[in-house]
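Undergrad: make a model of this:
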Amino acid sequence: FKESLPLVFSAVFISIYYNIDQIMIGVISTKTELGYYSAAQRIIYGLSMFYMIALIVFSPKIAYFFKEDLKQLSLLLKKMNKAMLAIAVPMGVGGTILAPEIINFIFGGEYGRAILAFQILIWSQVIVFINACYGNTLVMCGKQKKFLRGVGLGAVINIILNFILITKFSVYGASVATAITQLLVFIYMYLTLS
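TA: A predicted model of the protein is given here:
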């Protein structure tokens, strides 16, 4: 129970920085703006299944190498990172270029304000794909408290950034806040694992 408690709090913090932006847009901005942001965000959440599949595939090896061979763990993480980059960067570039077509196809032309939000959020998802290698490895290697610190810091930063940026830039500010938060959490996880 004691070892799993940081994971419970981590899940709470992750839930905060994945959802607080929508709540804050609803409070600070308008419901229409919330609709645009939610449209862009739904597609991004759908893409997360790809990195989750990769984590399921690699998790047994990560756990094994952590106990048996740290050098092999390091090599595995490098391979995972390359694989995630090979998926994430084309996804980011393609999503940025095809955003108008994607939004129009899924939601219709009246959701034009969701396009730029999607173009920003797709890059936050690129960061999430890369970070998946590091953040989840911390958990699998028994460093749940360090993982908790990282996502807790992300939740606090995200709330502050959302408050500042939504007030000035509405859905685009929320998108930037999400991308910055994901980048800072990635940097923390990478440095902590290194």
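
Undergrad: report the buried residues of stretch 183-194.
TA: L183, L184, V185, F186, Y188, M189, Y190, T192, L193 (16 or more other Cβ atoms under 10 Å). For every residue, glycine as well, the C-beta is placed using N, CA and C.

Undergrad: and that stretch, how far out from the chain's middle?
TA: 13 Å (Cα atoms, centre = their mean, to the nearest Å).

Undergrad: contacts for that stretch?
TA: 77, 124, 127, 130-131, 134-135, 137-138, 143, 146-147, 149-151, 153-154, 157 (Cβ atoms under 8 Å, 6 or more residues apart in numbering).

Undergrad: among the residues you listed, which are in helices?
TA: Among the contacts of stretch 183-194, the members falling in helices are 77, 124, 127, 130-131, 134-135, 137-138, 146-147, 149-151, 153-154, 157 (criterion: DSSP state H).

Undergrad: now the most centrally placed residue in the chain: closest residue in space, sequence neighbours ignored.
TA: The centroid of the chain falls nearest to V128 when counting by Cα atoms, centre = their mean (3.8 Å). Nearest non-adjacent residue to V128, counting by Cβ to Cβ, 6 or more residues apart in numbering: Q182, 5.7 Å away.

Undergrad: the one you found and L76: what is the separation?
TA: 23 Å (Cβ to Cβ, to the nearest Å).

Undergrad: just to revisit the earlier point, quickly find the element holding the residue nearest to V128.
TA: Using DSSP states H and E, Q182 sits in helix 144-193.

Undergrad: avg pLDDT for that helix?
TA: Average pLDDT, helix 144-193: 95.

Undergrad: how far does that helix sit from its chain's centre?
TA: On Cα atoms, centre = their mean, the centre of helix 144-193 falls 9 Å from that of its chain.

Undergrad: same thing with stretch 57-73?
TA: 24 Å.

Undergrad: would you mind listing the buried residues in that stretch?
TA: F58, I62, F65, F66, L73.

Undergrad: pretty sure the last one is touching K67, no?
TA: Same thing as L73. No: contact criterion Cβ atoms under 8 Å: L73 and K67 do not qualify, at 9.3 Å.

Undergrad: what's the neighbour count on G26?
TA: Each residue near G26 was counted by other Cβ atoms under 10 Å, and the total is 16.

Undergrad: actually, K78.
TA: Neighbours around K78, by other Cβ under 10 Å: 11.

Undergrad: tell me who's in contact with V126.
TA: V126 touches A88, V89, M91, G92, counting by Cβ under 8 Å, 6+ apart.
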